[in-house]
Each structure stands twice: as C-alpha cells, then as structure tokens.
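J.: Following is a predicted model, sequence given first.
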Amino acid sequence: MGLPRRAAESAELRKSLKPLLEKRRRARINASLSQLRGLILPLLGRESSRYSKLEKADILEMTVRFLQELPASPCPAVAPTPSDSFREGYRTCLARLARVLPACHVLEPGVSTRLLEHLRRRAAGATPDGGHSRDSGRPASPAPPPASPPPAPLGGPSLWRPW
C-alpha cells in the first residue's frame, strides 16, 4: 500500500514547490526586462534616470518599435564572400555607432567625431584579416602621430575594455 502514500507525497511536494518555481520564473522575467531596459534606452537616445519607472509593457513596446525600425537586411541570392560580409558588418556597426555614440555622452564630442571619421576612413579599405584592400605588395605607410595626447581613461582601471 505504498503507492497511494507516494502519490500523496509527490502531490504535496508539487504543491509546495509551485510557488517557489513561480517566484523564480518571475524573478528571471524581471531581471531580463531590467537588462532590456538598460540596453534599449541608450539605443533610443533616452536617459535612464528619466525613465526609471517604466512598466514592463512599455519596455517591450519600445523594444518592438526599435526592432521594427531597424533596416531589413536584404537576403542575397548568392552567398556573400567573407570579405563582403565583413565589410557589410563593419559598415552596419559603424552606422549604429554613429547613432549611439553621440547620444551616450561617453566621449567628448570632439573625440567622438574624430573616432567616427577615423573609422569611416578605415571602412573604405578594411579587410577581415586587419589589412587593407590596397596593393598588398607594398608595405603600409606608418600612421601619423596623434595631434594631441589621448584622453585619460574614464573610470580608472576598473573600466572594461573589449580589447
């Protein structure tokens, strides 16, 4: 007669675990929405401090609108070569950076402008291996020294750098 007892125990266990599982699920949803809010507001050029009390539905609507406004990437009939794919990705990244960088106020406007101009010049001849598409037989000329010293790093040594 152990079968009914085990069934009762497992039903009891499910009843006691259900609120805990639901609490965890809601916590995951809230954490993801919080991350999404932190990602979407800078992309839309809005200050996080002014939008501290956004409802979950508002965050989702803003994200949907942002994604709908992204240019649709054409689906070419012929697969692009790796270097074409790299160039297209570079240009797309550069276009997004040009929209987001001034809105984030991470760099001084002059530095931001110089950085974007430098990246635009590099986009014209960049290849996936880091070289240039010009004549590979001759060595590249060294870059001229910077006109002014580079700006001091923001936030000190704790600032994360992707390189």
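T.: Received, thanks. Numbering: from 1, shown residues only.
J.: which residues are contacting the helix or strand harbouring residue 61?
T.: Element membership of residue 61 [criterion: DSSP states H and E] is helix 56-69. Residues outside helix 56-69 that contact it (CB atoms under 8 Å, 6 or more residues apart in numbering) are 33, 36, 37, 40, 41, 43, 44, 54. Where you see a C-beta, it was placed from the backbone N, CA and C, and this is true even at glycine.
J.: Pull the contacting residues for the first one.
T.: For residue 33, the contacting residues are 56, 59, 60, by CB under 8 Å, 6+ apart.
J.: okay if I get those as JSON lines plus pLDDT?
T.: Shown next, in JSON lines, are the contacts of residue 33 (pLDDT from 0 to 100):
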{"residue": "56", "pLDDT": "92"}
{"residue": "59", "pLDDT": "91"}
{"residue": "60", "pLDDT": "93"}
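J.: neighbour-wise, which of the residues you listed leads?
T.: Ranked by neighbour count (other CB atoms under 10 Å), those have residue 59 at the top, with 20 neighbours.
J.: quick one: the longest helix along the chain to helix 56-69, angle?
T.: Secondary structure of the chain per DSSP state H: the longest helix is helix 2-43. Per axes from the mean of the first three to the mean of the last three CA atoms, to 10 degrees, the angle that helix 2-43 makes with helix 56-69 is 60 degrees.
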